[in-house]
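# Please find the sequence and the predicted model below.
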Protein chains: 2
Amino acid sequence: MAHDGSIFSLTTPAVLIDETIVDNNIARVQKYMDQAGLKARPHIKTHKIPEFAKKQLAAGAVGITCQKISEAQVFADAGIDDILLTFNIIGAEKLEALKTLHEQITLTVVADSRETVDGLAATMDTSRPLSVMVECDTGGQRCGVQTPREASELAQYISSKPSLHFVGLMTYPIPNAEDAVEAFFEQTAGLLKQAGLECPIFSTGGSPSLFSAERATIATEYRAGTYIYNDRSLVRAGHCGFQDCAMHILTTVVSRPTDDRAVLDAGSKALTSDLLGFTDFGYVVDYPEAVITGLSEEHAVVDLSACSKKPEIGEKIRIIPNHTCVVSNLMNHIYVHRNGQFDRKIEVAARGKVW
Amino acid sequence: MAHDGSIFSLTTPAVLIDETIVDNNIARVQKYMDQAGLKARPHIKTHKIPEFAKKQLAAGAVGITCQKISEAQVFADAGIDDILLTFNIIGAEKLEALKTLHEQITLTVVADSRETVDGLAATMDTSRPLSVMVECDTGGQRCGVQTPREASELAQYISSKPSLHFVGLMTYPIPNAEDAVEAFFEQTAGLLKQAGLECPIFSTGGSPSLFSAERATIATEYRAGTYIYNDRSLVRAGHCGFQDCAMHILTTVVSRPTDDRAVLDAGSKALTSDLLGFTDFGYVVDYPEAVITGLSEEHAVVDLSACSKKPEIGEKIRIIPNHTCVVSNLMNHIYVHRNGQFDRKIEVAARGKVW
């Protein structure tokens, strides 16, 4: 594999990351968070690379967010010492791993049920209580307690466990729903105050409407992942432009069976089947009128009928994926460049961590 | 991780493979191919595990099919010596790897353009010509020459290259299109005969309508992958029943935010976003009325409104994925069992091979 020169000399498919854009994206978001008075706690699911998390911390992030304990282990082993794990940790082996991690770093987890709290409480030692936040469903309809009353009751339940320490509320909201976050957190805060409980952290997140985070005035901390690379879904959301997308999948045209059809050597194993509301599978940077109509594992089928100029067999073209995070998880390595000049290959260290 | 006892003691998510079902699936398909007079050349994209390819060869397969050279290398290094690579190999580094592989094993590749043929011809030595088949588009609308005339002309072009050896025709058909395959191959065979070219191999494939393969009477060889595990899409196609599905994703219920909602610890990183025409993300074996309505990377959201009995937090439940092959590519390991008794953990050796 070519390790110097132009990115177009790389063998395909290859995931390219433009480091200048990464640096700009980190700086832009950190500046916004600083101005909004929010602590940034980036979600590393997007890149899964300790070196990039360290860039985020150097820019001013207070710590990182992980979704799985196996991912958190990778980042802790790489020297990152403040991690929020936004997942209900359930099951003996995971709880034991959590306890080990808690002894190693400053760790916070979430819970949305007494069952989860019971497992945490039984595993941790009273000599070193584990910090726990209550996950709240403010409209995302995934995990989370459903009402401020439930949130307050669960916070009190956590607080009743000597091996746990209640530290705040956490939500993963839908985009542009800052008012719902504000209302849920405010009402819960009132109930917690009545109950005599401190609640130092109000954590919200999400990249799509990141730049309106300040509208949830009660929030103290913001978790976002995708902004480091950006992708087609964030361009659609108005978060950024295509020029702010750091990740491209470099592919080769391997077939031109008809005048209107090209086939690329990147299928769902590289671009993923994530549509996120689109009807096609990525934005073809070098041929913007081209439409990726279908994927099988190793092929992308591209409709060129709207293209004035059409690519030839052997030509390399770049695609911005619908969703970056899932692409990172497929790759053992990414190829870092600055403005097209290859710099280095980086291992995606936390790829494929399933639990 | 538990390495003995019941599969339900494994930490989740975990991909389970029932070896009894694997063995039955291999035997059933090999028996059909033998009766139909077809050589079986299984596609290893489904399992990506040399040990399982060797089971297929032991049952009577003549060799294997790979879609990427990097996958073929893994199987060649594991001792498998007859590989068909059904992809246009383009680009200097891939062509060099192909040449090395050709010196190691009995290798056949496909081409659907003069550009691909030129690259192969310039790389290979006349002292050891490489076997090449012409890929034909018989309705799949992916790669492949469009007409029997084009197929015949490309075959003659291959035949004109001293470093290559034309050996046959290959297609990846849509399901239940044996008549189209038969017609395309027959017409091309007639043209090849007029041109004085031998055409020993007529290769078709696909699991969904595998059991009507005999209807394409000209075919000599059949390539299928998914049948070794089977999945929800093959149940829908009538190829098999749920009891013939060897792959299950074992997951844990990590949240029950409402009476009608469960959240599992397996998202698109385990189940994949492949819908294959379904509107939900897998078949919940243990709660057949449950509907997986949405996935994020680490969560599956399940609608329980149609369930009379509902799972509890901490309960482990099994899912048959829409599409097995893409699940294998996400996993570093699978967990093999017989009827629920864990036997061994196997590395998915050819996972994540991108080119």
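Looks like it arrived, so ask away.

# so where do the helices sit in chain A?
A:19-36, A:50-59, A:69-77, A:92-104, A:114-123, A:148-159, A:178-194, A:232-236, A:268-271, A:324-330 (DSSP state H).

# who wins for proximity to residue A:314 among those helices?
Minimum separation from residue A:314 across those (CB to CB) falls at helix A:268-271, 18.0 Å. Bear in mind the C-beta positions are built from the backbone N, C-alpha and C, glycine included.

# Report all helices and strands that the closest one contacts.
Under the contact criterion of 3 or more CB pairs under 8 Å, 6 or more residues apart in numbering or on different chains; DSSP states H and E, helix A:268-271 touches strand A:247-258, strand A:291-295, helix A:324-330, helix B:324-330.

# Show me the shaky parts of chain A.
Scanning chain A for pLDDT under 70 picks out A:1-4.

# right, and the helices and strands packed on helix A:268-271 - which one's nearest residue B:54?
Closest approach to residue B:54 among the helices and strands packed on helix A:268-271 is made by helix B:324-330 (16.5 Å; CB to CB).

# Contacts for the closest one next, please.
Defining contact as CB atoms under 8 Å, 6 or more residues apart in numbering or on different chains, one finds that helix B:324-330 is touched by A:268-269, A:273, A:297, A:329-330, A:352, A:354, B:15, B:45-49, B:225-226, B:229-231, B:247, B:249, B:269-272, B:274, B:321, B:334, B:348, B:351-352.

# Check the gap between the spatially closest residue to residue A:114 that is not a sequence neighbour and residue B:347 for me.
The shortest distance from residue A:114 to any non-neighbouring residue, by CB to CB, 6 or more residues apart in numbering or on different chains, is to residue A:157 (5.9 Å). Look at residue A:157 and residue B:347: by CB to CB, to the nearest Å, they are 42 Å apart.

# Name the residue in the two with the higher neighbour count.
Taking neighbours as other CB atoms under 10 Å in any protein chain shown, residue A:157 and residue B:347 compare with residue A:157 leading, 19 against 14.

# The more buried one is in contact with residue A:117, isn't it?
Yes: using CB atoms under 8 Å, residue A:157 is in contact with residue A:117, at 5.8 Å.

# just to revisit the earlier point, tabulate the helices and strands packed on helix A:268-271 (a markdown table), appending distance to residue B:343 and mean neighbour count.
What follows is those, written out as a markdown table (distance: least, CB to CB, whole Å; neighbours: other CB atoms under 10 Å in any protein chain shown):
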| stretch | distance to residue B:343 | mean neighbour count |
| --- | --- | --- |
| strand A:247-258 | 38 | 24 |
| strand A:291-295 | 34 | 19 |
| helix A:324-330 | 28 | 25 |
| helix B:324-330 | 18 | 25 |
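
# Out of those, flag the one nearest residue B:257.
Using CB to CB, these put helix A:324-330 closest to residue B:257, at 23.1 Å.

# Domains in chain A, by residue range?
A:7-14+A:239-347, A:20-229 (automatic domain parsing).

# Now do the first one: distance from first to last residue.
Length of domain A:7-14+A:239-347, first residue to last, CA to CA, to the nearest Å: 17 Å.

# what does the stretch 101-250 of chain A put close to chain B?
Contacts of the stretch 101-250 of chain A with chain B, taken as CB under 8 Å from any CB of the partner chain, map to A:112-113, A:115-116, A:119, A:137, A:141-146.

# Out of those, flag the one nearest to residue B:242.
Of those, the one sitting nearest to residue B:242 (CB to CB) turns out to be residue A:142, at 27.6 Å.

# tell me the phi and psi of the closest one?
Torsion angles at residue A:142 (phi, psi; degrees, to the nearest 10) stand at phi -120, psi -120.

# how near is it to residue B:254?
As judged by CB to CB, residue A:142 and residue B:254 stand 10 Å apart.

# what do those two both touch?
B:263, B:299.

# and the end-to-end length of stretch A:319-330?
16 Å.

# likewise stretch A:274-284?
Termini of stretch A:274-284 sit 16 Å apart (CA to CA).

# roughly how far out does it sit from the chain middle?
Offset of stretch A:274-284 from its chain centre (CA atoms, centre = their mean, to the nearest Å): 18 Å.

# Same check on stretch A:292-303?
25 Å.

# How about the residue nearest to the spatial centre of chain A, nearest residue that isn't a chain neighbour?
Closest residue to the average C-alpha location of chain A: residue A:225 at 3.3 Å, with CA atoms, centre = their mean. Sequence neighbours aside, residue A:43 is the residue nearest to residue A:225 in space, at 3.3 Å (criterion: CB to CB, 6+ apart).

# now the one you found, which residues is it bridged with?
Beta bridges link residue A:43 to residue A:65, judged by DSSP bridges.

# My read is that it contacts residue A:222, right?
No: in this structure residue A:43 lies outside contact range of residue A:222 using CB under 8 Å: 10.0 Å.

# what sits in contact with each of those two?
residue A:205.

# so who does residue A:15 touch?
So residue A:15 contacts A:247-250, A:270, A:327-328, A:331, A:333-335 (CB under 8 Å, 6+ apart).

# Not counting residues beside it along the chain, what's closest to it?
residue A:334 (4.7 Å).

# May I have the beta-bridge partners of that neighbour?
residue A:346.

# Filter the contacts of helix B:324-330 down to the buried ones.
A:268-269, A:273, A:297, A:329-330, A:352, A:354, B:15, B:45-49, B:225-226, B:229-231, B:247, B:249, B:269-272, B:274, B:321, B:334, B:348, B:351-352 (16 or more other CB atoms under 10 Å in any protein chain shown).

# what's near enough to touch the closest residue to residue A:302 other than its chain neighbours?
Using CB to CB, 6+ apart and skipping residues adjacent in sequence, the residue nearest residue A:302 is residue A:262, 4.4 Å away. By CB under 8 Å, 6+ apart, the contact list for residue A:262 reads A:253, A:255-256, A:290, A:301-302, A:304, A:310-311.

# Return the member of those nearest to chain B.
Within the contacts of residue A:262, proximity to chain B (CB to the nearest CB) peaks at residue A:255, which comes in at 4.2 Å.

# That closest one contacts residue B:113, doesn't it?
Yes: contact criterion CB under 8 Å: residue A:255 and residue B:113 qualify, at 6.5 Å.

# which residues are common contacts for those two?
What both residue A:255 and residue B:113 touch, as defined by CB under 8 Å, 6+ apart, is the set A:313, B:88.

# Compute the distance between residue A:159 and residue A:153, please.
11 Å.

# now residue A:208
According to CB to CB, residue A:208 stands 31 Å off from residue A:153.

# repeat for residue A:257
62 Å.

# and if you look at residue A:47?
37 Å.

# for residue A:234, same thing?
Counting by CB to CB, the gap from residue A:234 to residue A:153 is 36 Å.

# quick one, which of those two is more surrounded?
For the pair residue A:234 and residue A:153, the greater number of neighbours falls to residue A:234 (23 against 16), based on other CB under 10 Å.

# Let me see the contact set for that one.
A:207-208, A:226-227, A:240, A:245.

# 7 Å instead, please
Going by CB atoms under 7 Å, 6 or more residues apart in numbering or on different chains, residue A:234 touches A:207-208, A:226, A:240.

# Mind checking which of those residues are in strands?
Taking DSSP state E as the definition of strands, these contribute nothing to them.

# Of the residues you listed - the most surrounded one?
Neighbour max across the contacts of residue A:234 (other CB under 10 Å) = residue A:207, 29 neighbours.

# and residue A:100, how many neighbours?
Neighbours around residue A:100, by other CB under 10 Å: 12.

# sorry, that was for residue A:190
Neighbours of residue A:190 using other CB under 10 Å come to 12.

# For it, which non-adjacent residue is closest in space?
residue A:148 (7.8 Å).

# Look up how far residue B:114 lies from the one you found.
Residue A:148 is 69 Å from residue B:114, where distance means CB to CB.

# residue contacts, residue A:346?
So residue A:346 contacts A:49, A:51, A:333-334, A:336 (CB under 7 Å, 6+ apart).

# would you turn the residues you listed into a markdown table with distance to residue B:79?
Listed next are those as a markdown table, based on distance: CB to CB, whole Å:
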| residue | distance to residue B:79 |
| --- | --- |
| A:49 | 35 |
| A:51 | 38 |
| A:333 | 27 |
| A:334 | 32 |
| A:336 | 37 |
